[in-house]
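Engineer: the sequence and its predicted three-dimensional model are supplied below.
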Amino acid sequence: MRVLWPVHNLEKEYNQYPGVMVISALLREHGFESRVVPASAEALNRTVADGGPTILAWSATTAYIRHYLEVNRAVKRDHPETWSVFGGPHPTFFPEIIEKEGVDAVCVGEGEHPMLEMVQARSAGEPVQGLRNWWVRGADGTVHKNPVRPLIEDLDRLPRPDHEIFRRAMPTELAQAIVITSRGCPYRCTYCYNHLYRQIYRGKGKFIRRRSVDHVMEELREIKDGGYTFIRFMDDLFILHAEWTREFAAKYREQIGLPFSCLVRANYVTEETARLLADAGCHRMTMGLEAGNDRLRNEILKRNMSRQQIIDAARLITGAGIRLVTANILAIPGGSFETDWETLQLNLQCRPHFASVAVLQPYPRTDIYNFAAERGLVGDEDLAAMEGSFGFGLEAPLRYDDPREKRLQENLHKLFPLTVLLPWLAPLTRRLVKLPSNRLFNLVYKLSVSFGIHFRAMPASTGLAILYRRSRLGRRFGRRRTREAAPAEAR
C-alpha cells in the first residue's frame with residue numbers, strides 16, 4: 001500500500017507541509033511508501049497507473065479545496081479503485097465534503113495515528129468504518145461519523161518530520177525548511193478557526209503542547225546536514241514560553257547557527273527575548289499588526305493589544321538587529337478605506353523591513369464571518385470565491401453599497417507593500433488609489449512582494465537561491481542534478 005500526497009503547483013511554489021511530513025515519517029516507520037506528487041490529474045493518473053494499491057491523501061486548506069476536489073474527481077473517474085481521503089484545515093471544519101463525488105473518507109483533527117490506522121486497515125483488507133477521527137462513506141452510501149481521539153499529549157513521541165518527502169519531489173534543491181515546534185494557540189482572533197478547533201477537542205486533552213528543545217534540535221541537525229540555508233518556524237506564537245525560548249536560543253546558537261524566522265505577538269516581545277533570539281541567529285520576526293484602528297483591532301478582530309504595545313515591540317525587534325515583517329489585514333467588516341489608511345500609518349511608524357498585507361477572507365464558521373453575515377456583508381454563496389483563491393486574497397469578498405469604497409481598499413492593498421518600503425510615496429499613494437483598478441497596480445504588488453520576501457525578509461543569498469531555483473533555468477538544470485544524484489529507490 002502506498003500513499004500519495006498531491007500538492008498544488010509543486011514545482012513553482014515549493015510548498016512544504018509539516019503535518020504531511022510527520023504523518024509520512026510515521027507511515028515509513030511502519031513500512032509504507034509515502035510520496036509527494038504534483039496535484040494535477042495528468043501527473044496523478046500516470047503515477048496511479050504505474051503502481052499497486054494507492055491512497056490519495058489530500059491535505060487541504062479552504063483556498064485549495066475546490067481545485068483539489070476537481071482533480072480528485074478526474075482521477076477517480078479513471079481509477080475508481082483508488083481510495084481518496086481528505087484531511088487538514090478545511091476538511092476538519094467542513095467534514096461534510098464527504099458528500100462530494102470521489103471522496104471516500106475525511107479526517108477530522110490531528111491525523112498522525114488516524115492516517116496510520118487507515119492505511120494499515122486498507123492494506124490488510126479490514127473495515128475502516130469505525131476508525132476514530134474519520135468520516136467514512138460506506139459501500140451503500142451511508143456516512144459513518146466517528147468521534148475524535150484525545151489530543152497527542154507528548155509530541156516527542158512522534159517521529160521527526162520526513163523532510164525528504166518534499167526534497168525528493170522538488171525539481172531542485174530546497175533552500176529553506178519549514179518547522180513547527182508546538183500545537184495550539186491561547187488566543188481567539190475572530191478571523192481564525194482556533195475556537196472551533198477547541199470545540200472539537202473539548203475534554204480531549206491539553207490544547208497547547210510543545211516539543212522539547214532537544215527533540216527539535218534533532219530535526220534541525222538533519223535539516224542543516226541536508227544543505228538548507230534558512231529555517232522558518234511556523235508556530236502560531238513561537239515565543240509563548242519564556243523558559244523554552246531561553247533553552248532553545250542557547251542550544252540553537254551552539255548546534256545549528258543557521259539564520260531563521262519566527263512568528264510573534266507584540267505583547268510577548270521583551271528586550272531579553274529579542275536579544276536572545278538575535279544572538280541565536282534570528283533573521284526575521286513576523287508580527288501581526290493586522291489593523292491600525294484600535295476598535296477594529298480589539299473589538300472586531302479580538303487581538304487584545306494596544307497601539308503602544310505594537311510600537312514598543314517593533315522598536316525592540318529592530319533594535320536587536322532583527323528584521324521586522326508585519327502582517328496586516330485590509331477590508332475588515334465595520335471598517336473603511338480610512339481605517340485601512342490608519343493601518344498603513346501605523347506601519348510607517350513601526351518602520352518594518354517588509355509589510356505583508358491581505359484583504360480579509362471571512363471564512364465561514366469563523367467569528368468574523370458571523371459578524372459580517374449578521375450585517376448582510378457576506379453570504380454562504382461568497383464561499384466559492386474563497387475556496388478558489390489559492391490563498392492569495394487579492395479581492396475583497398465583502399458586499400459594498402459603494403463600489404468606490406471597494407476599489408479604494410483593493411487599490412491600497414496593491415500599493416501597500418511598496419509604500420511601506422518607500423514611505424515618501426504615501427502622499428502619492430493617497431491619490432493613486434482613486435484611479436480605476438489596473439494591471440500596473442497588480443504588477444507593482446507582485447514585484448514589491450517578491451522583493452520584500454526574497455531580499456528584505458530573508459538573507460539575500462537565500463532569496464536569490466530561491467528565485468533561481470523557481471526560474472525555468474533553475475528548474476531545468478536543477479532537475480538534471482537531482483535525478484543524477486537521486487538513489488535508485490527514489491527514481
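Structural biologist: That came through fine.
Engineer: residues contacting Val36?
Structural biologist: 4-7, 10, 20, 165-166, 168-169 (C-beta atoms under 8 Å, 6 or more residues apart in numbering). All C-beta spots, glycine's among them, are computed from the backbone N, C-alpha and C.
Engineer: farthest pair within those?
Structural biologist: Farthest pair in the contacts of Val36 (C-beta to C-beta) is Pro6 and Arg168. Separation: 14.7 Å.
Engineer: please report how far Glu342 lies from Glu405.
Structural biologist: Distance from Glu342 to Glu405, counting by C-beta to C-beta, to the nearest Å: 15 Å.
Engineer: and if you look at Ser336?
Structural biologist: Applying C-beta to C-beta, one obtains 7 Å for the distance of Ser336 from Glu405.
Engineer: mind checking which helix or strand the residue of the chain most remote from its centre is in?
Structural biologist: In the chain, counting by C-alpha atoms, centre = their mean, Asp140 sits farthest out from the average C-alpha position, at 36.2 Å. Assessed by DSSP states H and E, Asp140 sits outside every helix and strand.
Engineer: then Thr286?
Structural biologist: strand 282-290.
Engineer: given that strand, what are its sheet partners and their directions?
Structural biologist: Partner strands and pairing direction for strand 282-290 (DSSP bridges) are strand 260-264 (parallel), strand 323-330 (parallel).
Engineer: average pLDDT across the biggest helix by length in the chain?
Structural biologist: Longest among the helix segments of the chain by residue count, using DSSP state H, is helix 403-421. For helix 403-421, the mean per-residue pLDDT is 95.
Engineer: quick check: beta-bridge partners of the spatially closest residue to Asp340 that is not a sequence neighbour?
Structural biologist: In space, Asp340 comes closest to Leu330 once its chain neighbours are excluded; the distance is 4.6 Å by C-beta to C-beta, 6 or more residues apart in numbering. With DSSP bridges as the criterion, Leu330 is bridged to Val359.
Engineer: what segments of the stretch 351-491 of the chain are helices?
Structural biologist: Using DSSP state H, counting those that start in this stretch, the helices found in the stretch 351-491 of the chain span residues 367-374, 383-387, 403-421, 426-432, 439-451, 460-470, 472-485.
Engineer: run the angle between the fifth one and helix 460-470 for me.
Structural biologist: Spelled out, that is helix 439-451. On the basis of axes from the mean of the first three to the mean of the last three C-alpha atoms, to 10 degrees, helix 439-451 is oriented at 120 degrees to helix 460-470.
Engineer: any buried residues in helix 439-451, and which?
Structural biologist: 441, 444-445, 448-449, 451 (16 or more other C-beta atoms under 10 Å).
Engineer: any idea of the mean pLDDT for that helix?
Structural biologist: Helix 439-451 comes out at a mean pLDDT of 95.
Engineer: with just CA atoms, put that helix into PDB.
Structural biologist: Taking C-alpha atoms only, helix 439-451 is exported to PDB below (Å, rounded to 0.1, in the frame of the first residue of the first chain):
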ATOM      1  CA  ARG A 439      -2.800  45.800 -14.300                       C
ATOM      2  CA  LEU A 440       0.000  48.200 -13.300                       C
ATOM      3  CA  PHE A 441      -1.100  48.100  -9.700                       C
ATOM      4  CA  ASN A 442      -1.200  44.300  -9.800                       C
ATOM      5  CA  LEU A 443       2.400  44.300 -11.200                       C
ATOM      6  CA  VAL A 444       3.600  46.700  -8.500                       C
ATOM      7  CA  TYR A 445       2.100  44.500  -5.900                       C
ATOM      8  CA  LYS A 446       3.800  41.300  -7.200                       C
ATOM      9  CA  LEU A 447       7.200  42.900  -7.600                       C
ATOM     10  CA  SER A 448       7.200  44.700  -4.300                       C
ATOM     11  CA  VAL A 449       6.100  41.400  -2.500                       C
ATOM     12  CA  SER A 450       8.700  39.400  -4.300                       C
ATOM     13  CA  PHE A 451      11.400  41.900  -3.400                       C
END
